[in-house]
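Asks: curious how this folds, go ahead:
(one chain, ligands or ions: 3)
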Amino acid sequence: MSGADAVKEDRLWQRHADMAKLGGTPRGGVNRQALSAEDAAARNQLAAWAKARDFDVFTDAIGNLFIQKSGTDPALAPVLSGSHMDSQPTGGRFDGMYGVLAAFEALEALDDAGVKTKRPVMAVAWTNEEGSRFQPGAMGSAVFAGACRLDDMLGQKDWKGIVLKDALAETLKAAPAPIRDGAPGFPVDSYIEAHIEQGPRLETAATTIGVVTAIQGSRRYIVEIDGEEAHAGTTPRAARKDAYAAATRIAAAMYEATADADDTLRFTIGRVDVSPGSPNTVPGKAVFTIDMRHPDNAVLAAHEAKLEAIVAAKAPPCPARIERVTNVPPTDFDPTVIGLVRDKAESLGLSHMDMPSGAGHDAMHIARLCPTGMIFVPCERGISHNEIENATPADLAAGTRVLVEVLEALANR
Ligand code: HGY
Ligand code: MN
Ligand code: MN
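Replies: Ligands and ions are numbered 1, 2, ... in the order given. Okay, here's the model as predicted:
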């Protein structure tokens, strides 16, 4: 029996149902934010399944969780596959989790089929990919790849002021696993990540497998505006330093400046905090986030200059600043890995198409370490970052069969 034949669709689907209970929401989605109690519960669940298989389980100093199936030559650098288990606040049960469970199912299928590989094969759950609680996103993979410094990340605070270092310590206490000592990162031969597409292209093309060629560039910013709290009834407009009024002027100008004719640039203001938040006090502070993406880095750089100019022009009389929080250039995946995904989908008789990724993934950082690629499967109406996110058991299993085949090929190189 081949590893791909040993993939169990029901087991994989049931694991998604089991994990969806951890942070499950009334609408069938998940709220399992990074380094929360729900995240710790998912870590414990995955580790329990791994230990039942005698796979090795360990974490690193930023909490990335690794599960290893040994190879015949332990001295060789491992092949990694995985994604993330943290979710958006109103997230779906497949974003990230599919990539982790597909990787674990692949280890199990190889084990069930008695397939030995030269290289060790590892499933990985990267810490804090979403970045909705602690910025920046894709944090665990960025620290592992050396794109972010561990100490800088440990000092990050969430919107309630909780320091990441403390949340991480609590998570690792609630979900203990041996910590591989030293700074995060170790030699990796290659990396392959399975993920739902989070867009409608595969479903529209009635195609099962996305052969992912690249990820578009993404930049995130924080805009902070300082106003002056004042009485809503007595303070004339001319005397006001209204932080929220300045924020709306800035935001309106930014939406206009980023509305490109071919609708390729992605510009999102996802979070706005206004304080003190009293109906009859002029806002003294406004803070909002910006998420901007495009396949061409030069376009992102040009628009970054526009955003800075808009803050300077529209903020007065309120002092304001814009700070770039992340800058991940466009990522091209490795032609060998792309070719493997395409060939294995073909040999398994699965429809497939080459496509770029609009969403960001941990693979964008790992691609700077080693040959990397991704496998997409469809999600219903392309909806994601939404509790109604959905996929089919058959598509999830099909993507996992391609994953097993690719892992075997990479691990026996
Ligand atoms: O934002 C992203 O692209 C990813 O889904 N976290
Ligand atoms: Mn994701
Ligand atoms: Mn996501």
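
Asks: who in the protein is up against ligand 2?
Replies: Along the chain, the residues adjacent to ligand 2 under the rule CB under 5 Å from the ion are Asp95, Gly96. (Glycine included, C-beta is placed from N, CA and C.)

Asks: spatially central residue in the chain, please.
Replies: Closest residue to the average C-alpha location of the chain: Glu129 at 3.6 Å, with CA atoms, centre = their mean.

Asks: helix/strand/coil for it?
Replies: Under DSSP: H, G, I helix; E, B strand; the rest coil, Glu129 falls in the coil class.

Asks: that one is in contact with Ala142, isn't it?
Replies: No - using CB atoms under 8 Å as the test, Glu129 is too far from Ala142 to be in contact (9.7 Å).

Asks: got the CA positions of whichever strand or helix holds Phe376 in CSV?
Replies: Phe376 is part of strand 372-377, with elements assigned from DSSP states H and E. Only the C-alpha atoms of strand 372-377 are listed here, as CSV (Å, rounded to 0.1, in the frame of the first residue of the first chain):
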residue,chain,number,x,y,z
THR,A,372,9.2,25.5,-0.4
GLY,A,373,5.8,25.1,-2.0
MET,A,374,2.1,25.0,-1.2
ILE,A,375,-0.9,22.9,-2.1
PHE,A,376,-4.4,24.5,-2.2
VAL,A,377,-7.8,22.8,-2.0
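
Asks: for it, give the mean pLDDT please.
Replies: Strand 372-377 comes out with an average pLDDT of 98.

Asks: how about it and ligand 1, any contact?
Replies: No - using CB under 6 Å from any ligand atom, strand 372-377 stays clear of ligand 1, coming no nearer than 12.5 Å.

Asks: what angle do the helix or strand following that strand and strand 372-377 make?
Replies: Proceeding N to C from strand 372-377, the next assigned helix or strand is helix 393-411, under DSSP H and E. Interaxial angle of helix 393-411 relative to strand 372-377 (axes from the mean of the first three to the mean of the last three CA atoms, to 10 degrees): 160 degrees.

Asks: what number of residues lie near the residue in the stretch 151-300 of the chain positioned nearest to ligand 2?
Replies: Closest contact between the stretch 151-300 of the chain and ligand 2, by CB to the ion, is at His195 (5.9 Å). As a burial measure, His195 scores 28 neighbours (other CB atoms under 10 Å).

Asks: which SSE is it in?
Replies: If you go by DSSP H and E, His195 is part of strand 190-196.

Asks: counting contacts, what elements does that strand pack onto?
Replies: Strand 190-196 makes packing contacts with strand 79-84, helix 97-112, helix 335-347, helix 363-366, strand 372-377, helix 393-411 when contacts are defined by 3 or more CB pairs under 8 Å, 6 or more residues apart in numbering; DSSP states H and E.

Asks: go again with 7 Å.
Replies: strand 79-84, helix 97-112, helix 363-366, strand 372-377, helix 393-411 (3 or more CB pairs under 7 Å, 6 or more residues apart in numbering; DSSP states H and E).
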